[in-house]
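Q: Give me a 3D structure for the following:
(one chain, ligands or ions: 1)
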Amino acid sequence: MDIYHAPDTLRIRPSILYFGTPVVLITTRNLDGSTNITPMSSAWALANRVTIGLAGGGQGLANLLRERECVLNLADESMREAVERLAPTSGRDPVPAWKQGHRHEADKFALAGWHALPSLQVNAPRIAEAPLQLEARVLDATEHPLEAWRDNAGGYVTLELAVCEVHAHADIVVPGTSHIDPRRYRPLFYVFRHYYGVGPALGRTFKAEV
Ligand SMILES: Cc1cc2nc3c(=O)[nH]c(=O)nc-3n(C[C@H](O)[C@H](O)[C@H](O)COP(=O)(O)O)c2cc1C
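A: Numbers count the residues shown, from 1 in each chain. As a prediction, the model looks like this:
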């Protein structure tokens, strides 16, 4: 009879639990009509709903709560360097004291070197370079107080969004369909504060459409 040896495990207390989610660039409209870009990765989708989590005190969050709409631009591997140029910045002026290491940046499109495209149903523009651009409206927002193990002095907010329009680069769409071709879509992932691309394909689910 085979004896199973379970892998050794350790009890640990990590400061963050970013176990690997795609990098989303949220475009929102500032009060003066200009655009902010918030890089983030705490996002998941179910049907046409996307739930996101944002730390309190950021400009993107303030814009979302005021304007109730945004574009979720999915970053691909080629956008990594530009994403990291945006990483130490905030559209908030002045930057909250607890966001140490961040500086204010008013023009994140210029800093990233990306181009803005008008959206169809929301006021915030899309990022032309992003292979998937999801126009969305805020359905619900829930504030969560500071948790003891977080270093974020402002707590965080989860928002449920309804996607109302989807734009995809033509080269990741299966011709003549609305299906994304996962062989061509190269999302950028955020894994325990490191960037990763997708590895080789490992197989399909019984529900795969292409
Ligand atoms: C790859 C990446 C992923 C991030 N994920 C999140 C996230 O999921 N939630 C969040 O609140 N901040 C996240 N951040 C941090 C925000 O981008 C950061 O707080 C930024 O200053 C917000 O900009 P804003 O104040 O202009 O909205 C992430 C940053 C990077 C670079």
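
Q: Specify the beta-bridge partners of the residue most central in space within the chain.
A: What sits nearest the mean C-alpha location of the chain, by C-alpha atoms, centre = their mean, is residue 24, with 2.1 Å. For residue 24, the beta-bridge partners are residue 40, residue 74 (DSSP bridges).

Q: And it, how far from residue 72?
A: 5 Å (C-beta to C-beta, to the nearest Å). Bear in mind the C-beta positions are built from the backbone N, C-alpha and C, glycine included.

Q: cool, residue 22 as well?
A: Using C-beta to C-beta, residue 22 is found at 10 Å from residue 72.

Q: what's the overlap in contacts for those two?
A: Counting by C-beta atoms under 8 Å, 6 or more residues apart in numbering, the shared contacts of residue 22 and residue 72 are residue 43.

Q: Quick one: neighbours of residue 60, just the number.
A: 24 (other C-beta atoms under 10 Å).

Q: in terms of contact, does it touch residue 54 like I think?
A: Yes - assessed by C-beta atoms under 8 Å, residue 60 is found in contact with residue 54 at 6.5 Å.

Q: Residues that sit against both of the two, list them.
A: Contacts common to residue 60 and residue 54, judged by C-beta under 8 Å, 6+ apart, are 38, 40.

Q: residue boundaries of the helices in this structure?
A: 59-67, 80-86, 108-112 (DSSP state H).

Q: now the ones you listed in CSV, with mean pLDDT and distance to residue 2?
A: Listed next are the helices of the chain as CSV, based on pLDDT from 0 to 100; distance: least, C-beta to C-beta, whole Å:
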stretch, mean pLDDT, distance to residue 2
helix 59-67, 97, 52
helix 80-86, 98, 43
helix 108-112, 98, 53
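
Q: Show me the one of those helices that comes nearest residue 46.
A: Evaluated over these, closeness to residue 46 peaks at helix 59-67, with 19.1 Å, by C-beta to C-beta.

Q: Quote the end-to-end distance of stretch 75-85.
A: 14 Å (C-alpha to C-alpha, to the nearest Å).

Q: List the buried residues for it?
A: 75-76, 79, 82-83 (16 or more other C-beta atoms under 10 Å).

Q: contacts for that stretch?
A: 22-25, 39, 111-114, 129-131, 185-188, 195, 197-198.

Q: chain center to it, what's the gap?
A: Remark: stretch 75-85 is offset 12 Å from the chain centroid, using C-alpha atoms, centre = their mean, to the nearest Å.

Q: Repeat that for stretch 66-84.
A: Centre to centre, stretch against its chain (C-alpha atoms, centre = their mean), the figure for stretch 66-84 is 6 Å.

Q: wait, doesn't the residue nearest to the centre of the chain sit right on residue 54?
A: No - with contacts counted by C-beta under 8 Å, residue 24 stays clear of residue 54, the gap being 10.6 Å.

Q: got any residues that touch both of the two?
A: When contacts are counted by C-beta under 8 Å, 6+ apart, the set common to residue 24 and residue 54 consists of residue 40.
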